[in-house]
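Peer 1: from the sequence below, what's the structure:
(chains A, B, C and D)
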Protein chains: 2
Amino acid sequence: MTAVLVIEDDDRIRLAMLLALDDEGYDAYGVATAEEGLRRQRTTPADNVLVDLMLPGMDGFECIRQLRRDDDVPIVVISARDDTHDIVAALEAGADDYVVKPVAIKELSARLRALRRRGRATQVPTQVFGDLEISPDAGEVRRAGQPVPVTRTEFRLLCELAEHAGKVLSRQQLLQRVWGYDTGDERLVDVHVGRVRQKIEQDPANPRHLVTLRGLGYKLQR
Amino acid sequence: MTAVLVIEDDDRIRLAMLLALDDEGYDAYGVATAEEGLRRQRTTPADNVLVDLMLPGMDGFECIRQLRRDDDVPIVVISARDDTHDIVAALEAGADDYVVKPVAIKELSARLRALRRRGRATQVPTQVFGDLEISPDAGEVRRAGQPVPVTRTEFRLLCELAEHAGKVLSRQQLLQRVWGYDTGDERLVDVHVGRVRQKIEQDPANPRHLVTLRGLGYKLQR
DNA sequence: GGTCGGATGACAGTTGTGTGACAAAACCCC
DNA sequence: GGGGTTTTGTCACACAACTGTCATCCGACC
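Peer 2: Model (predicted):
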């Protein structure tokens, strides 16, 4: 069953949504604050998160950003305000959809389905590329069994490449996935790739794993 | 640049959207009917499709279904009707988002970005032509299992030919699809075909895979 | 055998990539 | 909170790879 987390401070609205979602066949549960929602999502991740923008304490935007930081769950904003600025800000923060209250439950349900259909990547176990090991969960990179110290950015870059092992990722895609930039200087990627190479390649000038595909991007291979 | 196809029968609205999207940095082009949109998407696929629901001839729902049939492009419905039934039906048909006219361009842009971020799940399978393998995802070409270094242009050319395996593509079509030129010197294609042959054919003078059809163009065959 | 479309080698201009230096920002340990 | 350290992003330069053009040659087809 699909689990849905509802983050909404108004008890009556939250309860109504939970009931309606339940009726639609979802396994729905709710919390009243962003903080609690984040904790909940860390411990028992739901398949979808619905979040109100106006919350006591941490607001919805920040909540989205934090959710997004360590999870790729589809996030739908449920807001009373039908305001372009809010919508844009929420989507920029990392939300996937934005619907305005009051919400027709059928529509919400359909939107959730559409979002899930678009699908998502699963957790990656330790990946091995020859003498190179990348453990996304453990946050560790090893070469020939020896831990290699990498910075956070370098690590994310490696994970992203590892997740699509053998596939080219364009600088644009990497900027998007590693840095979250929709636009920006692609050379940034080059520089970090160079730094990663210094650490993981035996001969950084002739990379065997992290290779360049001229005009296309980079790829990590075995 | 991100290409956006707008399917909208009202000339004024379509034009306004195209201008606005253009301003936002999209490569936007529009058509007035579903049929034309489908044709266009088949020949020169956009990265996003915006479609109105009320169209003369084939309606928006059917258009979405057909688009969805052979493509995983993110589809956003732009409709004047803020009706739950329509929204649900459109999402069921395969749309990814639904916004109500009039549309704030910033919002639309943000939604498109959010959609693209979610990314395309489909992977292009490796195509095999005898001892020749072309992997669009991996950005790699192999002959007899050995990787063949090809340049970006050569790679695009090969992918384009591979996508239409067994079918002739005229120089004009190749110029259009690989280079994006609407006009230009067709000899350019010859030169690159020649270079590709040097790399992928056992006997470049007697090509077995990348063959010339005199007066017509080139085709890639098994 | 002439003509036209196609193949090819050379070349110069352009583009893409790697890298070292540096400043700003973030982080950490008192 | 403060000072040192690490990490990050920007920039400029150098170099290598790629691209498109052109002239010439070749071979198929009528």
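Peer 1: tell me the contacts of the residue of chain A found nearest chain B?
Peer 2: Using CB to the nearest CB, A:G215 is the residue of chain A that sits closest to chain B, at 2.9 Å. C-beta here means a position set from N, CA and C on the backbone, and glycine is covered the same way. By CB atoms under 8 Å, 6 or more residues apart in numbering or on different chains, the contact set of A:G215 is B:T151, B:R152, B:T153, B:F155.
Peer 1: how does it look with 7 Å?
Peer 2: Shown in contact with A:G215 (CB atoms under 7 Å, 6 or more residues apart in numbering or on different chains): B:T151, B:R152.
Peer 1: could you do A:D96 as well?
Peer 2: Applying CB under 7 Å, 6+ apart, the residues contacting A:D96 are A:P74, A:I75, A:V76, A:L115, B:A114, B:R118.
Peer 1: that older thread, so how far is B:I13 from the residue of chain A closest to chain B?
Peer 2: Distance, A:G215 to B:I13, by CB to CB, to the nearest Å: 38 Å.
Peer 1: one more: A:V51?
Peer 2: Noted for A:V51: a distance of 32 Å to B:I13, by CB to CB.
Peer 1: compare the two (neighbour count), which wins?
Peer 2: A count of neighbours by other CB atoms under 10 Å in any protein chain shown puts A:V51 above the other of A:V51 and B:I13, at 25 against 18.
Peer 1: for A:P147, list each beta-bridge partner.
Peer 2: Legend: beta-bridge partners of A:P147 under DSSP bridges are A:R142.
Peer 1: burial of it, as a residue count?
Peer 2: Using other CB under 10 Å, A:P147 has 11 other residues around it.
Peer 1: isn't it up against A:E140?
Peer 2: Yes. Using CB atoms under 7 Å, A:P147 makes contact with A:E140 at a distance of 6.1 Å.
Peer 1: which residues of chain A lie near chain B?
Peer 2: With CB under 7 Å from any CB of the partner chain as the criterion, chain A comes near chain B at residues A:84, A:87-88, A:91-92, A:95-97, A:104, A:106-107, A:110-111, A:113-114, A:118-119, A:166-168, A:176, A:182, A:213-216, A:219.
Peer 1: among those residues, which are in reach of DNA strand C?
Peer 2: Contacts with DNA strand C within these, as defined by CB under 7 Å from any atom of the strand: A:L213, A:R214, A:G215, A:L216.
Peer 1: quick one: buried ones out of those residues?
Peer 2: A:L213, A:L216 (16 or more other CB atoms under 10 Å in any protein chain shown).
Peer 1: near DNA strand C, which residues of chain A show up?
Peer 2: A:171, A:187, A:190-191, A:193-194, A:197, A:204-205, A:212-217.
Peer 1: state the pair within these that is farthest apart.
Peer 2: A:P204 and A:G215 (21.2 Å; CB to CB).
Peer 1: tell me which element A:F61 falls in.
Peer 2: For A:F61, the enclosing helix or strand under DSSP states H and E is helix A:60-70.
Peer 1: the residues of chain A next to DNA strand C: which ones sit near DNA strand D?
Peer 2: Contacts with DNA strand D within those, counted by CB under 7 Å from any atom of the strand: A:R187, A:V191, A:R214, A:G215.
Peer 1: for the closest residue to DNA strand C within chain A, what are phi and psi?
Peer 2: With CB to the nearest atom of the strand, the shortest gap between chain A and DNA strand C falls at A:T212, namely 3.6 Å. Main-chain dihedrals, A:T212, degrees, to the nearest 10: phi -90, psi 140.
Peer 1: identify the bridge partners of it.
Peer 2: With beta bridges defined as DSSP bridges, A:T212 has these partners: A:Y218.
Peer 1: give me the number of residues near A:E92?
Peer 2: 16.
Peer 1: do I have it right that it meets B:R111?
Peer 2: No. With contact defined as CB under 7 Å, A:E92 does not reach B:R111; the gap is 10.8 Å.
Peer 1: ok, which stretches of chain A are strands?
Peer 2: Counting by DSSP state E, residue ranges of the strands within chain A are A:3-7, A:27-31, A:48-52, A:75-79, A:97-100, A:127-129, A:132-135, A:140-143, A:146-147, A:210-213, A:217-220.
Peer 1: between the residues of chain A next to DNA strand C, identify the one with the most neighbours.
Peer 2: A:V193 (22 neighbours).
Peer 1: contacts only, for that one.
Peer 2: Counting by CB under 7 Å, 6+ apart, A:V193 has contacts A:L210, A:Y218.
Peer 1: pLDDT value on it, please?
Peer 2: Per-residue confidence (pLDDT) for A:V193: 95.
Peer 1: same check on A:R69?
Peer 2: On the pLDDT scale, A:R69 gets 63.
Peer 1: same thing with A:L158?
Peer 2: A:L158 is assigned 93 on the pLDDT scale.
Peer 1: now it: closest residue in space, sequence neighbours ignored.
Peer 2: Spatial nearest neighbour of A:L158, chain neighbours left out: A:I134 (5.5 Å); criterion: CB to CB, 6 or more residues apart in numbering or on different chains.
Peer 1: go on, A:P56?
Peer 2: Nearest to A:P56 is A:D9, by CB to CB, 6+ apart, at 5.7 Å.
Peer 1: for A:V196, see how far away the one you found is.
Peer 2: Going from A:D9 to A:V196 by CB to CB gives 43 Å.
Peer 1: more neighbours: which of these two?
Peer 2: Shown here are A:D9 and A:V196; by other CB under 10 Å, A:V196 has more neighbours (26 against 16).
Peer 1: not counting its neighbours along the chain, what's nearest the more buried one?
Peer 2: Using CB to CB, 6+ apart, the closest residue to A:V196 is A:E154 (5.0 Å).
Peer 1: list the contacts of that neighbour.
Peer 2: A:H192, A:R195, A:V196 are the contacts of A:E154 under CB under 7 Å, 6+ apart.
Peer 1: just give me the neighbour total for the closest residue in space to A:R113 that isn't next to it in sequence.
Peer 2: The shortest distance from A:R113 to any non-neighbouring residue, by CB to CB, 6+ apart, is to B:L91 (6.9 Å). Neighbour count for B:L91, taken as other CB under 10 Å: 25.
Peer 1: try A:G37
Peer 2: Taking other CB under 10 Å as the neighbour definition, A:G37 ends up with a count of 27.
Peer 1: so where's chain A uncertain?
Peer 2: Residue ranges of chain A with pLDDT under 70: A:42-43, A:69-72, A:118-125.
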